[in-house]
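Undergrad: Requesting a structural model of the entry that follows:
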Amino acid sequence: MVHVRIKELLEERGRTKYWLNKQTNIDYKNLCHIIEDETNSIRFDTMEKLCTVLECTPNDLFEIRPTETD
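TA: Predicted coordinates for the structure are as follows:
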């Protein structure tokens with residue numbers, strides 16, 4: 001499963017979702033869905049905005065985690 005690491009990156013930088021919203025102009029509701037791993041896709045332009053503002057690469061934004069099995 002692909003995990004979006006935005007929450008971790010914000011914590012490392014001492015920033016908030018609200019700050020990221022203001023910097024990227026991404027709709028707050030959509031941004032929260034991305035941060036909470038409640039989305040199935042992210043547009044390239046959104047990924048570019050996130051990387052630019054967070055000063056990171058797409059590699060920093062995502063990580064692969066093992067899928068939990070019951």
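
Undergrad: Is residue 3 in a helix, a strand, or coil?
TA: Following DSSP: H, G, I helix; E, B strand; the rest coil, we place residue 3 in the strand state.

Undergrad: Show me what it is bridged to.
TA: residue 63 (DSSP bridges).

Undergrad: how many neighbours does it have?
TA: 13 (other C-beta atoms under 10 Å). Bear in mind the C-beta positions are built from the backbone N, C-alpha and C, glycine included.

Undergrad: One more: the one 4 residues further on?
TA: Residue 7 is surrounded by 14 other residues when neighbours are defined as other C-beta under 10 Å.

Undergrad: residues of whichever helix in the chain runs longest that come out buried?
TA: Secondary structure of the chain per DSSP state H: the longest helix is helix 44-54. Along helix 44-54, these residues count as buried under the neighbour rule (16 or more other C-beta atoms under 10 Å): 46, 49, 50, 53, 54.

Undergrad: Output the residues you listed as TSV; include the columns pLDDT and distance to residue 61.
TA: As requested, the buried residues of helix 44-54 are exported to TSV (pLDDT from 0 to 100; distance: C-beta to C-beta, whole Å):
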residue	pLDDT	distance to residue 61
46	96	10
49	96	11
50	97	6
53	96	11
54	96	8
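
Undergrad: and of these, the nearest to residue 18?
TA: residue 53 (12.9 Å; C-beta to C-beta).

Undergrad: other SSEs contacting the next helix or strand after the longest helix of the chain?
TA: Later in the chain than helix 44-54, the nearest helix or strand by DSSP states H and E is helix 58-61. Other helices and strands packing on helix 58-61, by 3 or more C-beta pairs under 8 Å, 6 or more residues apart in numbering; DSSP states H and E, are helix 6-13, helix 44-54.

Undergrad: closest to residue 65 out of those helices?
TA: Per C-beta to C-beta, nearest to residue 65 of the helices and strands packed on helix 58-61: helix 6-13, 12.4 Å.

Undergrad: For that closest one, C-alpha coordinates in PDB please.
TA: Extracted in PDB, the C-alpha atoms of helix 6-13 (Å, rounded to 0.1, in the frame of the first residue of the first chain):
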ATOM      1  CA  ILE A   6       2.800  14.700   4.200                       C
ATOM      2  CA  LYS A   7       1.800  14.500   7.900                       C
ATOM      3  CA  GLU A   8       5.300  13.400   8.800                       C
ATOM      4  CA  LEU A   9       7.000  16.100   6.600                       C
ATOM      5  CA  LEU A  10       4.800  18.800   8.100                       C
ATOM      6  CA  GLU A  11       5.800  17.600  11.600                       C
ATOM      7  CA  GLU A  12       9.500  17.600  10.700                       C
ATOM      8  CA  ARG A  13       9.200  21.200   9.500                       C
END
